[in-house]
Each structure stands twice: as C-alpha cells, then as structure tokens.
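Trainee: Coordinates for the following, if possible.
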Amino acid sequence: MTDVKSRLRPFGISFEKSLSDLIKGIRSNNEDPDKLLLFLEESIQECREELRANDLQLKSTAVLKLAYLEMYGFDMSWCSFQILEVMSSSNFQHKRIGYLAAMQIMIRNDNDDALMLMTNLLKKDLTSSNQVEAGLALSGIASIVTTELAHDVCEDIVRMLSHSSPFIRKKAVLAMFKIFLKYPDFLRSFYPRLIERLSDDDTSVVSATVNVVCELANKNPKNYVELAPQLYELLTSSKNNWMVIRLLKLFSSLSLVEPRLKKKMLPAILNILTKTEALSLVYECIDCILTGKMLAEDDYKLAKLMVERLLVFFEADDANLKYVALSAFIKIMTIHRSFISQHSKVVLDGINDTDLAIREKALSLLDALVTEENITKIVSKMMLLLLPNDDDTSESTMSRFESFQKQQMAIIPKSFKLLVIKKIISICCEKNYQLIPNFSWYANVLYDFIKLNASLDIQQVQSLISEQFVNLALRVPSIRPELVSMCLATLRDSNNYSTFEDGLKDCVWIVGEYYDEYTEGESEFEHEEDDEGGHKLNGFEIITDLTKVEFFAQTDPTTLSILIHNLVKVFAKFVCSLKSDWNESTVEMVTNLNQILLDWLEQFQSHVNTEVQERSASFIEVLKLIPESLSPSGPSGFVEDVLLGFFNGQTLKPVSYLTQQKITIPEDVDLDKPFYPGALEEFIAKHKPLEESDHESIYNYWSDSQESEPQEKYPEDDIERLERIRDDPFYIGMDTVPNSESPSQDLISIDSRDTPAIKKKPSSGKSKKKVRVNREKVLILDDDLTPNVGLLDLESESVSRNSGRSRKGLLIDSSNLDKFDINADSDAYNKGTNGGGTYGEYEVNQLVEEMKGLQTEQGTSSSKVKKKKKKETGIGLEDVEGEPKKLKRKKKKKKAVIQE
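Mentor: So this is what the prediction gives:
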C-alpha cells in the first residue's frame, strides 16, 4: 500500500492531510478547546510519522504543517534536522518550505547544532547558479543570522555585492545590515564596499543601500556625515518616492550632528514640498524640517507653508492622515504657539472625531487655543464628551456609516474621559486662574464633574475635584459661600458616598472652616433639594443631617476624624451667631443640639482608630460643660473664648511648597555640627557588647526553652573542608535561608476596606440653557514663589503615560550599534584579518576564555592558571610579559565637504 501511494503522489494524488486540510480541521474544532487540543496533538503525531518517510514530497508537507502548528505555541525544535534535510533538496519548492520553517522555528529556539550543520548548506546555496536559490539563502541568513554564522558567511555575502544580478545585489545589501547588527566590526571593515552600492546602476539596489544607511544612522549619525554630498545628489535627482522618504529621514538625523546642512538642505526640501502631490512625501518633508530642527522661531513663512500643506490631510477620510497631521501640529506649536490659534476649527473638530487617538492628540493642542473669550465655549464642548449618549434616534433612519459613527462616539473609555477632565482643570488653572471669567461658573463646572462621576465612576476624579475645591476656597474669598453650598449638597447626597468618597473629607473641612462666611455671604448656587426661597442651612440643620447619616459612622478614620472636628467647629460658630437673637427658646435649641452632638460622639469613644478616639473623647468632655455655661442673657465666655478659641487661629493662606527656601539660615547656626558630640561614645560605653560566654549562655537558654534539637557537631577532619567551601558560590549549604522567609514579605500591606460601588443612573432631564458668562473682578490670593501651586501638569503626565506604553516593534536587537564609531580601531576582527589571522582565531580565543572560566570555577585557591604568551600576528597586539607594545596607527577622519 505504501508503494502505491508513493507512485500516485507525483500525479497529485495524495492520501495524507495537506496544510489546507489541517486548517479546515482546526476551524471545525475551534469551538471546543478540548477537541481542538486533541486534534492538534493528533496532527503533530501524524507529522512525526510522515517525517520518517523517505519521500521528500511527504516530508516537506509535514514540515510545512509543523511550521503552521508552531504558531500555536508548540515547541518544534525536535524537527530541526528534518528541516535541514528538506532545505538540502534539489527541488526549489521543497527548499523554499525548508527555509520558511528554518526562519520560523530555528530563530525562536536554541538550535546551535542545527545551525552549525546549516552553515555549509548556506554556503552552497549562496554560490548556486540559480539566482532564486541564492536569493532564498540570503533571506534565510538575514532571518537566522547569529554571531558565529556571521563570521562564516560574511565574506561570501560581500562578494555577492558585486554580483551581475541586481536582485542578488539588493538581497546582499539587506543581509549585510543584519550581519552588522550581530558583529559591528564588520561594518568598519566592509563599509567602503557597502557605500559603493550608492552608485549602482539599478535603482532598487541604491534604494536598499539608502535604507541600510538610514537604519545605521539612527544609532550614530556622525559616522555618515561624510556621505552628505552623495546623498544630496540622490535626493535632488531621484524620482522614487520611497527612496526620497528614506533620504529625508536620513538627513533629519544628520542635521542634528551637522547644523551646516540646514542651509544646503532646506531649499531642496521646500522644492519637494511644493511640487509633490503625494501626501506621504509631504508629511516626510515637514517631519524632516521639524525633527532636524530646521524651523527657526522667526521663520514665519516656512511655518505658514507647512501648516497650509497639513490642512489637506484633514480633508481626507483616512484617520491615519489626520493623526500624523495633528502630530506635526504639536511640533509646530512648540515653536510657533500663537500660530495654531488661527486654525482652532481643525483642533476642535479633532476633539469630536470618532478615532480615539486623534481625540487625544487634539486635546494636547487645546492649551494654545484657550483665551479669556473662548474658554467657556471650549469647556462646554469638552464636557459634552463626558455625557452619556441619550440620543433615541432610530437606527433604521440612519445609514450604515452614520450608525457605525454613532457607536464609535458612544464608546469612550474611562481613561479618555479622565484625560478630558484633567485637561479642563489644567486650562482653567493656567496662570493662576487668569483665564476664568467668572469663578461661579468654574465652581459649577467642578460640581458637574461630581454629578457626572456618579455614572462614570472614575476613582481619580475624586481627589482632583476636592483639591480644586480647597484651592479655590483658599485663594478666592468671594467664592467661599458658594463652595460651602456645593459641599453641603455633596455631603447630603447619598449617591456621592461611593463615587466621591475620597473627596468628602475636603468638603467637610470647607463647611467647617468657612461656615461663618457662608451664613453672611450670598450664594448663587441652587440645589434641587433647597427650598424655593433660596433657604440656607443653619448649623442646627447641618449637624442634625450629617449625624443621622450612617455612612459617616462607618467611613474611613481620616474622614471621620475630620468630620468630628468640623462638626464641633460648626456648633461653636452657630452658637456664637445666635448671640443677637438670644432668648429662652434659643437656649433650649442649643441644649438639644449639644445633646445630639454628644450622643453621636459617644459611639466613637471605643473606635479602633486612636485619632478618632482622642478627638471624640476630648470634645465630649468639653461639650458636657456647655449646658452649664448657657444663660437667658446669652452664651457665656466659655463658648466664645474657650470653645470657639479652639478654632479661631490665624487665617489660612495658600502656601507654596517652596516657601521653606525663603527662610534664611542664621549665621550662628552650624547645621553640620552635632547637638551632642559625645552621644554616640556614651551610648557605646553604657551598652558594651556581650562576651562570648554571654552569647553561649543566652543561646543555650533559648535552645532549652524552645526544646530544639541539639546543634550538629562536625568532626575535626571536616573543619578544613567547611572553611574551604564556605565562600564557594556553587555550594548550597544546609543553613541556606529560603526565599519564602525573606523579611520583605512582612512589609506587604493589605487594604481591607472594600466599599461597594453604588452607581447612579444618568438623569434623563433636559440640560439647562447656557447663559453667557460675564467676566467679574475678584480677589485671588497668591503665594510668593509659585503662582501655579497645586495646578496640574498635564503635558508631563501625558508624556509619561505615553512613554509608559510598551510599543513592540520588529524583533531586531540593534544594541550592538549603540555609540559605535566607524572610524575607531577594531578589536577582535582586525586582529585576525589585518595580521594574517583567520576567523577561526576569534573562535579559538573565545573557547580559551571559556575554558579558563571553567578552570577558575572548579579549581581551588591553590591552583593557579598560567597565562600563555600570545603570538604577535599584527599591529595592535599587546605583549604579555611587559615588552613594549606596538602603537596602533590612528586612522585620519575624513572631513565632510558641504557646499554652501
């Protein structure tokens, strides 16, 4: 039966599963993970059986299927030698399958033995008369090249740079780049041969060479400045847009190390920018000018031209073009900040775009657009992004594109909404609130954030809003009555207990600190639960309402301690405010309110937190004296002088975090001189270390008390061996402390607080009609050093957030080219080639170093490794026995000639 199958196989009749059959089987079992795993294991077993056959057609098909299954995470390193067998086939179809599997499987696994056997096969294919096979070998080398393989095939690839076929020359140039990454010294040796390809007759070879030079210049551009005249000629004469783009990227790197290039390059770039119609080339010209720092602050015409060309990008429907245009806008804004304000429509349209990345880019441009006249309009448009989508438009009346666009607009992640809130606060706080026309409007914006967060449920919003409330209360005295009204409304709303828990303590502090200004001033804030006549809550109502809330009795200790302190503060201020209308009913009301406060405080006398215990117990003792101090004529001096005196200190003012630097150090104070010079000596004298006998007695007492096993005693013959292996890093003793006993694990803190989230459904009521905000003149308290204290640095935060993202590009390690100087003297390679040596000497030296390391590990301290004298093979070798060393000849650096 096997002979029959082998005879029918050349005619296309096969009884084994092909790759298409394998894919169909995977799709049919994809719904059940167990069946899928069983099917994959059976398929791998079938491939194992097929690899045992002598038929290369069947074996190549099995290798192809294994290469596909390797992408599912299976380890296929066991079939490396079968892959080599398929690669050695004379049939090109089989050879191509073998190279594909080698590129995919061998690069991901440690197959040194297979790579060693592959070297001769690669050399054979490189010298093949068939150009396709040679090109296939070059592609395989570029994918699986290692340091050892680079040493073996480098000269063969260099010879192929002068091949008669442009296809082979192009492949060889690209393969040389991967060899340079593995062994950079080859770049120093074969750099002239590579640069010769810039004058190649074939455009594809020149383009490949420019691509390699561009990638190399990203690491160290100064090595390639001397190529500027030749690259400039290519830039002005080439009609290949792809090569022009690579040349522009190359010149943007070169201009950073050679500023003289700007005067020569800028006219040529502007010529391409004005004549080309390709949007990709337009963007690369603009990016080259910006990245290469060719745009000066006084060059208004150039900036205007760049912006005009970028406006075409926003007319296209491609989101990628809009994104790159906004990225270029940001770079231009850093140089010409006022120029972007002329195109505010572009930025505002970007905020409402369906693409989330474009929205984030547009947000970063808002700082340059906001003024005193348009800040309310811009903030209103940004707040629309935070509202839930309540549009009831029937999807049947919309087109398919409009329906998709509506879904994209509705899907806004919380991270972007948080970014919008931060940006609104940032632009409002800019220049110490100088852009805000009316602080009542800004306070209402902050209060709207609290209500919106009931549905958004963003944790970071709580601290942002509460910090702004405190900052406004400290800096703007005229807004304090309205802030107290908003804080009271927030504290009385049960929906905020879960979505604004972190900000409640700041609201409580504002109510207690500015209660007297709240009762005396006027507030424009209107809450839904307030009476029609704009009734203000008095101290009696505030205390009775907040003490009835069970949530505050179970909240975190920090909020509870602040609440205790400020409720007593409100009580003291409320009692003193009743002095003008004092009568018998007032005495009764104050007595009842005092008893309510006492009853509420008594439950915290046994609280687990000491701060809550201390505050509640202290204020209980003080409040017990209140009824005795009340008289029909008015409150006694105890309430006004003692109780109110607890809270009436100096007026709080905004303090900069750099205020400490203003304090000058007195001349007679020496901060380096200790207060008590002899303290350490006295401490050591009083607490002498224990003697050895004391140590033994303490140890024996502890061992007896713990009933531990007696300590193991070693024979005298083993003492020498224990001393010898004590410092051996490869010896694991019985007294090794496991990692699980590390004391660092005891420092882990667990937050046991888990408050259930209570989400509030968005209200379906219609929004109120926007009223024009009139600018008002208010007093803003300022500190001496930093007027922007407490403000948000959104740009730095967005930069750190973006930089925190892990962007995975191509899996190419180019770290060997970091700070690589092409004009410096080589080390290992020049020792072999310039002095008559071979690449084998490099490998022998490596093996010698490895053997020395093994001898050092296994040998004892008495054994010494004698160094052998190295044979001098050329200039640059160092003598071991102290003989005079030959000086290395320094190569003269060629200076780049730039025609100006």
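Trainee: Trp78 falls within a strand, correct?
Mentor: No - read with DSSP: H, G, I helix; E, B strand; the rest coil, Trp78 is helix and lies in no strand.
Trainee: what's the burial count for it?
Mentor: Per other CB atoms under 10 Å, the neighbour tally for Trp78 reads 12. Every C-beta, even on glycine, is put in place using the N, C-alpha and C of the backbone.
Trainee: Let the chain start at 183 from now.
Mentor: OK, 183 is where the count begins now, so the last one is Trp260.
Trainee: if I look at it, how far off is Ile287?
Mentor: Trp260 sits 10 Å away from Ile287, going by CB to CB, to the nearest Å.
Trainee: got it, and Ile454?
Mentor: In terms of CB to CB, Ile454 sits 44 Å off from Ile287.
Trainee: Show me which of those two is the more surrounded one.
Mentor: Ile287 (23 against 20).
Trainee: Quick one, grab the pLDDT at the more buried one.
Mentor: Looking at Ile287, its pLDDT stands at 78.
Trainee: what's around the residue lying closest to it once chain neighbours are set aside, how many residues?
Mentor: Distances taken as CB to CB, 6 or more residues apart in numbering place Met258 nearest to Ile287, at 4.9 Å, with adjacent residues excluded. Around Met258 there are 22 other residues, counting by other CB under 10 Å.
Trainee: for Met258, what are its contacts?
Mentor: Leu248, Ala249, Leu251, Glu252, Ile287, Asn291 (CB atoms under 8 Å, 6 or more residues apart in numbering).
Trainee: For it, give me phi and psi.
Mentor: When read as degrees, to the nearest 10, the backbone of Met258 gives phi -110, psi 20.
Trainee: Please apply the same query to Leu812.
Mentor: Taking degrees, to the nearest 10 as the convention, Leu812 sits at phi -90, psi 140.
Trainee: got a list of what it touches?
Mentor: With the criterion set at CB under 8 Å, 6+ apart, Leu812 makes contact with Val769, Val772, Thr773, Ser818, Val821.
Trainee: Can you check the pLDDT for it?
Mentor: 79.
Trainee: Likewise for the one 5 residues further on?
Mentor: pLDDT, the model's per-residue confidence, is 70 for Pro817.
Trainee: Quick check: beta-bridge partners of it?
Mentor: Pro817 forms beta bridges with Leu812, as assigned by DSSP bridges.
Trainee: neighbours of it, just the number please.
Mentor: Neighbours of Pro817 (other CB under 10 Å): 22.
Trainee: and the gap between it and Thr243?
Mentor: For Pro817, the distance to Thr243 - CB to CB - is 100 Å.
Trainee: just to revisit the earlier point, out of the contacts of Leu812, which one has the lowest pLDDT?
Mentor: Within the contacts of Leu812, pLDDT reaches its minimum at Ser818, with 70.
Trainee: so where is the stretch 233-382 of the chain shaky, pLDDT-wise?
Mentor: 289-293 (pLDDT under 70).
Trainee: Contacts for stretch 427-444 next, please.
Mentor: With CB under 8 Å, 6+ apart as the criterion, stretch 427-444 contacts 389, 392-393, 395-396, 399-400, 403-404, 406-407, 410, 413, 416-417, 420, 447, 451, 462-463, 466-467, 469-470, 473-476, 1078, 1080, 1082.
Trainee: how about 7 Å then?
Mentor: Stretch 427-444 has contacts (CB atoms under 7 Å, 6 or more residues apart in numbering) with 392-393, 395-396, 399-400, 403-404, 406-407, 410, 413, 416-417, 447, 462-463, 466-467, 470, 473-476, 1080.
Trainee: returning to that earlier point: now neighbour count, distance to Asp854 and secondary structure too, for the contacts of Leu812, in a markdown table please.
Mentor: Output for these, formatted as a markdown table (neighbours: other CB atoms under 10 Å; distance: CB to CB, whole Å; DSSP: H, G, I helix; E, B strand; the rest coil):
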| residue | neighbour count | distance to Asp854 | secondary structure |
| --- | --- | --- | --- |
| Val769 | 18 | 62 | helix |
| Val772 | 22 | 58 | helix |
| Thr773 | 13 | 60 | helix |
| Ser818 | 15 | 54 | coil |
| Val821 | 21 | 51 | helix |
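Trainee: from those residues, which two are the most distant?
Mentor: Pairwise distances across the contacts of Leu812 (CB to CB) peak at 13.6 Å, for the pair Thr773 and Ser818.
Trainee: By mean pLDDT, which helix or strand of the chain comes out lowest?
Mentor: Every helix and strand in the chain was compared by mean pLDDT, DSSP states H and E; the lowest is helix 976-986, with a mean of 39.
Trainee: so where's the stretch 733-882 of the chain shaky on pLDDT?
Mentor: Looking at the stretch 733-882 of the chain by pLDDT under 70, you get 816, 839, 869-882.
Trainee: the helices in it, which residues?
Mentor: 739-759, 766-784, 792-805, 808-811, 819, 861-868, 874-888 (DSSP state H, counting those that start in this stretch).
Trainee: most tightly surrounded among those helices?
Mentor: Highest mean neighbour count of the helices of the stretch 733-882 of the chain: helix 739-759, a mean of 21 (counted as mean count of other CB atoms under 10 Å).
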